[in-house]
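**Q** Predicted structure and sequence below. I'll ask about it afterward.
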Amino acid sequence: LLLGGIICRYKDLRNGKRQISELHVPGDFADLHSFTLKRLDHDMMALTRCEVAMVPHERIQQMIVARPRLGRIFWFMTTLDAAINREWELSLGQRSALSRLAHLFCEVQVRLGLVGLTDGKTVPFDLTQAELSECVGITVVHVNRCLRELRKRELATFRDGNLIIGNLSGLMALAEFNPDYLYLDGGFTALESKVPQPGY
């Protein structure tokens with residue numbers, strides 16, 4: 001369970017090239033997939049200084065038996081990961097390099113905002129250009145060009161390890177960002193809360 005910092009999921013090739021497939025922010029159960037899969041088909045890595053809480057699988061099993069609703073919340077968290085993966089896949093396949101980067105910045109701004117770590121404009125996001133390139137599938141040189149273009153348009157820039165968003169609506173328009181895939185209403189858990197649940 002990530003308490004502080006940013007962790008990523010990634011896969012790599014023999015030549016060392018790496019693709020980051022998702023970022024995890026504080027509040028995420030970063031490797032909950034391992035509870036059901038027992039082994040992961042990908043790796044995880046801390047991109048910043050992180051604080052984590054370790055929860056043994058046996059303890060998770062005990063908790064969801066004692067509190068079935070918690071099991072459904074864990075289920076929601078893993079399906080939310082899948083929704084984020086699909087959006088990243090769309091970016092890699094169809095969005096322009098500039099739009100990919102803008103979309104990533106919009107997502108991080110929303111997700112960190114949910115846990116109170118940004119005022120909406122200053123976003124703690126201390127990733128290198130190489131790490132950004134591995135998120136959006138372009139070269140470091142291209143990332144540098146895109147960052148210059150975002151700065152030129154006064155949409156976003158980096159300062160002292162923070163992403164500074166100059167024009168959020170403009171950044172969202174460039175990215176065609178729609179946060180529906182993040183299920184900000186709670187998705188399954190919100191629906192469940194409206195339905196009487198017998199037995200507990």
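**A** Alright, I've got the coordinates.
**Q** could you say what helices and strands the helix or strand hosting residue 76 packs with?
**A** Under the criterion of DSSP states H and E, residue 76 resides in helix 68-94. Taking 3 or more C-beta pairs under 8 Å, 6 or more residues apart in numbering; DSSP states H and E as contact, the helices and strands that helix 68-94 lies on are strand 18-24, helix 33-37, helix 57-66, helix 97-114, helix 188-193. The C-beta positions use only the backbone N, C-alpha and C, and glycine is treated the same way.
**Q** Now tabulate those in CSV and tack on mean pLDDT and mean neighbour count.
**A** Output for the helices and strands packed on helix 68-94, formatted as CSV (pLDDT from 0 to 100; neighbours: other C-beta atoms under 10 Å):
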stretch, mean pLDDT, mean neighbour count
strand 18-24, 96, 20
helix 33-37, 83, 14
helix 57-66, 93, 12
helix 97-114, 97, 21
helix 188-193, 54, 13
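**Q** would you turn the ones you listed into JSON lines with distance to residue 123?
**A** Listed next are those as JSON lines, based on distance: least, C-beta to C-beta, whole Å:
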{"stretch": "strand 18-24", "distance to residue 123": "12"}
{"stretch": "helix 33-37", "distance to residue 123": "26"}
{"stretch": "helix 57-66", "distance to residue 123": "31"}
{"stretch": "helix 97-114", "distance to residue 123": "5"}
{"stretch": "helix 188-193", "distance to residue 123": "26"}
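**Q** Figure out the length between the terminal residues of stretch 45-63.
**A** With C-alpha to C-alpha, to the nearest Å applied, stretch 45-63 spans 27 Å between its terminal residues.
**Q** now do stretch 132-144
**A** Start-to-end span of stretch 132-144 (C-alpha to C-alpha) is 10 Å.
**Q** and what of stretch 149-163?
**A** Taking C-alpha to C-alpha, stretch 149-163 runs 15 Å from one end to the other.
**Q** can you tell me the average pLDDT over it?
**A** The average of the pLDDT scores along stretch 149-163 is 97.
**Q** buried stuff in that stretch?
**A** The neighbour-count check on stretch 149-163 (16 or more other C-beta atoms under 10 Å) flags 150, 155-156, 158, 163 as buried.
**Q** Touching, residue 33 and residue 81? I think so.
**A** Yes. The pair residue 33 and residue 81 passes the contact test of C-beta atoms under 8 Å, sitting 7.2 Å apart.
**Q** Bridged to the spatially most central residue of the chain, which residues?
**A** The centroid of the chain falls nearest to residue 23 when counting by C-alpha atoms, centre = their mean (3.7 Å). Beta bridges link residue 23 to residue 8, judged by DSSP bridges.
**Q** show me the contacts for residue 64.
**A** Residues in contact with residue 64, defined by C-beta atoms under 8 Å, 6 or more residues apart in numbering, are 70-71, 74.
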